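Trainee: no letters, just coordinates:
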């Protein structure tokens, strides 16, 4: 395809604005990708976003966006619990898809999306593409070469705290900056695993490969949250700790909780018989090189929020335009989603869960 890809932005909330609209409206991408439409069910929000970012069409319903002939691909930035059904609808209308994390909530749903996309000739890219960072690729390669000896254990995770209550798109006074965060704290798709630990799991499995089994404990620590003078009644677990078995007696502790970190950012720490990785340092040497960046995150994009989301979208654009497949695959996302799904099941049943999916070779 020689023409720029027409992108439909599904959801004009925080991720839609920061990750898609802000980046895709810049001049340097217009030869490859252009904003074609935006939709949001909150009356007036899509129109306000369209006016601010120069989007030709605004809709309040998803079906109208899918029917727009100028939309070649969609970036789905709606609440996680409806990603699967929106993905099915997009595939059936022939639209390529970038899924913000996570693409679905079960491995079975992922199986269905992947099968439907293959049948329809539709491309799927799923965030977060953590292995697109050059330092993660270096760490993976060095570990495979034996730089830290036999891998023994690892730790990764994240704490959410009050982040989603205080974001700049939730504390303003206009329709684009008063986005309600309630869904982050409610079933089925709230909680830190789907939201932030997913980054840690993509990095960990991208470096170490597929996990084999999962055991977990999970609970709800904060039953209420305060947002702009009102109380949010929480019912989704907000503190979950997993033990992953990677085989060959290599284990990892992975967490998503409300407070406290032992990992360095979203990066795993990995310990072997002859060395270790802590954050982005391997045996004390930084794996970050001068000029490192994700492939498309250059110029102004590098200074903006959610540049990794922009990168994942451009991975889809390249795949559709040039036939270049991305390493931010639906299959990798499926494996991580199964880990999270199995963790909640393990916590509920008290039993270790065997995983059936695996990372792409």
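Mentor: Ah, there it is. In this text the structure is predicted, and so the values were computed from the model without any measurement. Numbering: from 1, shown residues only.
Trainee: how far away is residue 297 from residue 197?
Mentor: 23 Å (CB to CB, to the nearest Å). For every residue, glycine as well, the C-beta is placed using N, CA and C.
Trainee: okay, those two: which has more neighbours?
Mentor: Shown here are residue 297 and residue 197; by other CB atoms under 10 Å, residue 197 has more neighbours (28 against 20).
Trainee: wait, what's in contact with the more buried one?
Mentor: 156-158, 240, 254-256, 340 (CB atoms under 8 Å, 6 or more residues apart in numbering).
Trainee: next one: the closest residue in space to residue 234 that isn't next to it in sequence from residue 15, what distance?
Mentor: Of all residues not flanking residue 234 in the chain, residue 185 sits nearest, at 4.2 Å (CB to CB, 6 or more residues apart in numbering). Using CB to CB, one gets 17 Å for the distance from residue 185 to residue 15.
Trainee: please apply the same query to residue 188.
Mentor: Using CB to CB, one obtains 18 Å as the distance from residue 188 to residue 15.
Trainee: and if you look at residue 313?
Mentor: Distance from residue 313 to residue 15, by CB to CB: 11 Å.
Trainee: which elements pack onto the helix ranked longest in the chain?
Mentor: Assignment by DSSP state H gives helix 330-349 as the longest helix of the chain. When contacts are defined as 3 or more CB pairs under 8 Å, 6 or more residues apart in numbering; DSSP states H and E, helix 330-349 packs onto helix 107-120, strand 124-126, helix 198-208, strand 213-219, strand 239-245, strand 353-354.
Trainee: which of the ones you listed is buried the deepest?
Mentor: Compared across those, strand 124-126 shows the largest average neighbour count, a mean of 29 (mean count of other CB atoms under 10 Å).
Trainee: give the buried residues for the helix or strand following that one.
Mentor: Next in sequence after strand 124-126, counting helices and strands by DSSP states H and E, comes helix 134-144. For helix 134-144, burial by neighbour count (16 or more other CB atoms under 10 Å) applies to 134-136, 138-140, 142-143.
Trainee: out of those, the closest to residue 6 would be?
Mentor: Closest approach to residue 6 among these (CB to CB): residue 134, at 30.3 Å.
Trainee: how close does the closest one get to residue 286?
Mentor: In terms of CB to CB, residue 134 sits 12 Å off from residue 286.
Trainee: domains of the chain?
Mentor: Here the domain assignment for the chain is 5-129+295-328, 134-292+333-354, based on automatic domain parsing.
Trainee: the shortest one: end-to-end distance?
Mentor: Criterion CA to CA, to the nearest Å; first-to-last residue distance in domain 5-129+295-328 is 19 Å.
Trainee: then the longest one?
Mentor: According to CA to CA, domain 134-292+333-354 extends 31 Å from its N-terminal end residue to its C-terminal end residue.
Trainee: how far is it from where the chain is centred?
Mentor: Here the centre of mass of C-alpha atoms in domain 134-292+333-354, compared against the chain's by CA atoms, centre = their mean, to the nearest Å, lies 11 Å away.
Trainee: try stretch 25-37
Mentor: On the basis of CA atoms, centre = their mean, stretch 25-37 sits 22 Å off its chain's mean C-alpha point.
Trainee: re earlier: in JSON lines, list the domains of the chain along with distance to residue 360.
Mentor: As requested, the domains of the chain are exported to JSON lines (distance: least, CB to CB, whole Å):
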{"stretch": "domain 5-129+295-328", "distance to residue 360": "8"}
{"stretch": "domain 134-292+333-354", "distance to residue 360": "9"}
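Trainee: circling back to that earlier point, contacting residues for the residue nearest to residue 234?
Mentor: Counting by CB under 8 Å, 6+ apart, the residues that residue 185 touches are 191, 225, 232, 234-236, 238.
Trainee: closest one to residue 71 out of the contacts of residue 197, please.
Mentor: Distance ranking of the contacts of residue 197 against residue 71, using CB to CB, places residue 340 first at 30.0 Å.
Trainee: any idea how many residues pack against the closest one?
Mentor: 25.
Trainee: so what's it closest to, chain neighbours aside?
Mentor: In space, and not counting its chain neighbours, residue 340 is closest to residue 193: 4.8 Å by CB to CB, 6+ apart.
Trainee: where does the one you found land on pLDDT?
Mentor: Residue 193 is assigned a predicted lDDT (pLDDT) of 97.
Trainee: list the residues that contact it.
Mentor: 237, 240, 256, 340, 343-344.
Trainee: for those residues, give me CSV that also has distance to residue 69.
Mentor: Converted to CSV, the contacts of residue 193 look like this (distance: CB to CB, whole Å):
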residue, distance to residue 69
237, 43
240, 43
256, 41
340, 37
343, 42
344, 41
